[in-house]
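Visitor: have a look at this prediction, sequence included:
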Amino acid sequence: MGIKRRHWAWAAAPLTLALLAATGCDSTSDAGAKPTAAPSSTPPVARVCAKPAVGPAKAPAGAVTVDPAVVGDLAAKTENSPPNTTFWLRPGKHRLDPDRYAQVIPKEGNRYLGAPGAVLDGRKKNQYAFGGSAPNVTIRHLTVQRFVAPPDEGVVNHDSADGWVIEHATIQDNSGAGLMAGARQRVRASCLRGNGQYGMNAYKAGGRISGLVVEGNEIVGNNTDDWERRREGCGCTGGIKFWAVNGADVRGNWVHDNRGTGLWADTNNNDFRIENNVLEANDGAALIYETSYNAVIRNNMIRRNNWVEGRREADRGDNFPYATVYLSESGGEPRIKARTDKIEIYRNVLENNWSGITLWENADRFCNSPANTSSGDCTLLVKRTDRCARPAIAKAPLYADCRWKTQRVDIHDNRFVLDKSVVRCTEKCDRMAVLANYGTYPDWSPYQGERVAEAITRKQHNRWHDNVYLGPWKFVAQDPSRVLGFGKWQGTPYQQDAGSTFRTRAGG
């Protein structure tokens, strides 16, 4: 899992709800445009870390009781019990044997229930809490903490087994990822807090993950070990990172105050619904959707993100439009089965973030290119990377299919609010963008020059419309130097934001 970024390298109080509800905005270029609808309500905040649900105070009928006074009792009783056994962990601090590889290896259908105050503590000695390949394991009402998984590995469901259910759990203060993911995994109403690299790393070695549900969780303060600085540009952090997930519902979560990106879908993900979340005060982007396909992003409250990373790059003089919602080589593809055939971003509120939405496509990033940072992966349309070579890549169908394309992105009925006095910025925090770089590499690339920049800007059906803008927004088209006002953004040749309204003073 190496670097996953583009070739160009790319937390004050919110405005009042009354301002967010305002719809009677005049447009500088289209005063008669109908104001768009805001989301019907702010999504509820999942404050599960402060108020975790309480587990059963008594052992359920037939359950095996686990004693915290006996070191290794949980692992031993798991080994000596049949599949489909329920384990009830008494109140107190449970410990594994002190060997670094000591862990619980569940059997199929096992259920682990924590009593009030039950904690499984790795004591900074054990690497993993729960591992193995057994499917359909359930973990509820249990705190798992202070395990020391290596980078890119996880503490709970270490081996990405399928069908696990993690509910009302607290997974905190671990190294690596607090949690891995397998197919049909359900993570609900849990606290993923203060883990060293990821809250959850949805990655399965040698395979794809399908049918993932992440619902009603609080995902806060992860990447405490600051891996993007330790491995510059690694693309290896986030509140949650998704890799090759086919079908995910990410809804009703509170993703906040993570060091780096909040939610990051990276490399051949498909068919995501990201809805009714509150994404706020993450150091980097709230959401990155990279080299992936087909998604619905709707009804989210997205506020005060990207202040740290956006400001850092601006201070370095970088004029790339670092945004809080960043689509990199990602778009709709009707040939790949999903619940939608585009990326649709609608009915969200983006409030006082460092910039808005950027659609980006690296002209030099494609299958078999040395500039492809996705570790040798190819698109979902081409199974063999070596097919993407000259002379075949210069002609249909490979000319199109060897690229991850930012195409068929539909951005509508959103509310974009920016008060620079809140963000504490004067420039480079106010942009919406659709752009690419000038293709140069490798020397046999058929995508050299302005081809990709022209395509993403005018030919790949990327469209903003029927949005509301409050604040001094600017717009970037084709390349970073082309910064436009609202009138030119709406006019020929870009013709963006038809039906949208624009008012330069957010509080006016």
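Guide: In hand now; what should we look at?
Visitor: what strands flank the one helix or strand residue 271 maps to, and is each parallel or antiparallel?
Guide: Here residue 271 is covered by strand 270-275, with elements defined by DSSP states H and E. If you go by DSSP bridges, strand 270-275 pairs up with strand 245-251 (parallel), strand 293-298 (parallel).
Visitor: could you export the longest one as CSV, CA atoms only?
Guide: Taking C-alpha atoms only, strand 245-251 is exported to CSV below (Å, rounded to 0.1, in the frame of the first residue of the first chain):
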residue,chain,number,x,y,z
VAL,A,245,-14.4,-2.1,-1.7
ASN,A,246,-17.3,-3.0,-3.9
GLY,A,247,-20.5,-1.7,-2.3
ALA,A,248,-20.3,0.4,0.9
ASP,A,249,-22.8,2.3,2.9
VAL,A,250,-21.2,5.0,5.1
ARG,A,251,-24.0,6.8,6.9
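Visitor: which residues does that strand contact?
Guide: 181, 202, 208-216, 240, 242, 263, 265, 269-277, 338 (CB atoms under 8 Å, 6 or more residues apart in numbering). Every residue, glycine included, has its C-beta placed from N, CA and C.
Visitor: next: the shortest one.
Guide: Identification of contacts with strand 293-298 by CB under 8 Å, 6+ apart yields 265, 268-275, 287, 289, 325, 330-333, 336, 338-348, 380.
Visitor: try it again at 6 Å.
Guide: With contacts defined as CB atoms under 6 Å, 6 or more residues apart in numbering, strand 293-298 is touched by 270-275, 332-333, 336, 338, 340, 343-347.
Visitor: adding distance to residue 503 and mean pLDDT, write the strands paired with strand 270-275 out as JSON lines.
Guide: Formatted as JSON lines, the strands paired with strand 270-275 follow (distance: least, CB to CB, whole Å; pLDDT from 0 to 100):
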{"stretch": "strand 245-251", "distance to residue 503": "31", "mean pLDDT": "98"}
{"stretch": "strand 293-298", "distance to residue 503": "24", "mean pLDDT": "98"}
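Visitor: ok, which of those strands comes nearest residue 461?
Guide: Between residue 461 and these, the shortest separation by CB to CB is 13.7 Å, and it involves strand 293-298.
Visitor: now the closest one: how far from the chain's centre is it?
Guide: Put simply, strand 293-298 sits 12 Å off its chain's centre (CA atoms, centre = their mean, to the nearest Å).
Visitor: same deal with stretch 312-332?
Guide: For stretch 312-332 - counting by CA atoms, centre = their mean - the centre lies 15 Å from the chain centre.
Visitor: again with stretch 150-161
Guide: Per CA atoms, centre = their mean, the centroid offset for stretch 150-161 relative to its chain is 18 Å.
Visitor: stretch 124-138 now?
Guide: With CA atoms, centre = their mean as the basis, stretch 124-138 stands 24 Å off its chain's centre.
Visitor: pLDDT (mean, whole number) over that stretch?
Guide: Here stretch 124-138 scores 98 as its mean pLDDT.
Visitor: now the end-to-end length of that stretch.
Guide: Terminal residues of stretch 124-138 are spaced 24 Å apart (CA to CA, to the nearest Å).
Visitor: cool, stretch 473-492 as well?
Guide: In stretch 473-492, first residue to last residue: 19 Å (CA to CA).
Visitor: now stretch 232-250
Guide: First-to-last residue span, stretch 232-250, CA to CA: 28 Å.
Visitor: for that stretch, buried residues please.
Guide: By 16 or more other CB atoms under 10 Å, the buried positions in stretch 232-250 come out as 234-250.
Visitor: run the chain-centre distance for it.
Guide: Distance of stretch 232-250 from its chain centroid, counting by CA atoms, centre = their mean, is 6 Å.
Visitor: again with stretch 235-252
Guide: Put simply, stretch 235-252 sits 5 Å off its chain's centre (CA atoms, centre = their mean).
Visitor: what's the answer for stretch 117-132, then?
Guide: 26 Å.
Visitor: list the contacts of it.
Guide: Contacts to stretch 117-132, defined as CB under 6 Å, 6+ apart, come from residues 89, 91, 93-94, 96, 98, 100, 102-105, 142-149, 155-156, 158-159.
Visitor: in the stretch 201-350 of the chain, which spans are strands?
Guide: With DSSP state E, counting those that start in this stretch as the criterion, the stretch 201-350 of the chain has strands at 209-215, 218-220, 238-242, 245-251, 254-256, 263-266, 270-275, 278-280, 287-290, 293-298, 301-303, 325-328, 343-346, 349-351.
Visitor: low-scoring stretches of the protein, by residue?
Guide: 1-40, 375, 506-508 (pLDDT under 70).
Visitor: report the central residue of it.
Guide: Geometric centre of the chain, nearest residue: residue 263, 1.9 Å, by CA atoms, centre = their mean.
Visitor: that one reaches residue 240, doesn't it?
Guide: Yes: Residue 263 is in contact with residue 240 according to CB atoms under 6 Å; the separation is 5.5 Å.
Visitor: what ranges does the stretch 51-200 of the chain have for its helices?
Guide: With helices called from DSSP state H, counting those that start in this stretch, the stretch 51-200 of the chain shows them at 73-79.
Visitor: let me see the ranges of the strands in it.
Guide: For the stretch 51-200 of the chain, applying DSSP E, counting those that start in this stretch gives strands covering 64-66, 86-89, 92-95, 111-114, 118-121, 138-140, 143-145, 154-156, 165-167, 170-172, 177-180, 186-188, 191-193, 198-202.
Visitor: which of these has the highest mean neighbour count?
Guide: strand 177-180 (a mean of 32; mean count of other CB atoms under 10 Å).
Visitor: about what we covered before: dump the strand holding residue 271 to CSV, keeping only the CA atoms.
Guide: Provided in CSV are the C-alpha atoms of strand 270-275 (Å, rounded to 0.1, in the frame of the first residue of the first chain):
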residue,chain,number,x,y,z
ASN,A,270,-17.0,1.2,-6.4
ASP,A,271,-20.7,1.8,-5.5
PHE,A,272,-20.4,3.9,-2.4
ARG,A,273,-23.2,5.7,-0.6
ILE,A,274,-21.8,8.4,1.7
GLU,A,275,-24.8,10.1,3.4
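Visitor: show me which positions of the lengthiest helix in the chain end up buried.
Guide: Scanning the chain for the helix with the most residues, using DSSP state H, yields helix 307-315. By 16+ other CB under 10 Å, the buried positions in helix 307-315 come out as 307-311, 313-314.
Visitor: and for stretch 460-469?
Guide: By 16+ other CB under 10 Å, the buried positions in stretch 460-469 come out as 460, 462-469.
Visitor: which of the residues you listed fall in strands?
Guide: Among the buried residues of stretch 460-469, the ones falling in strands (DSSP state E) are 463-465, 468-469.
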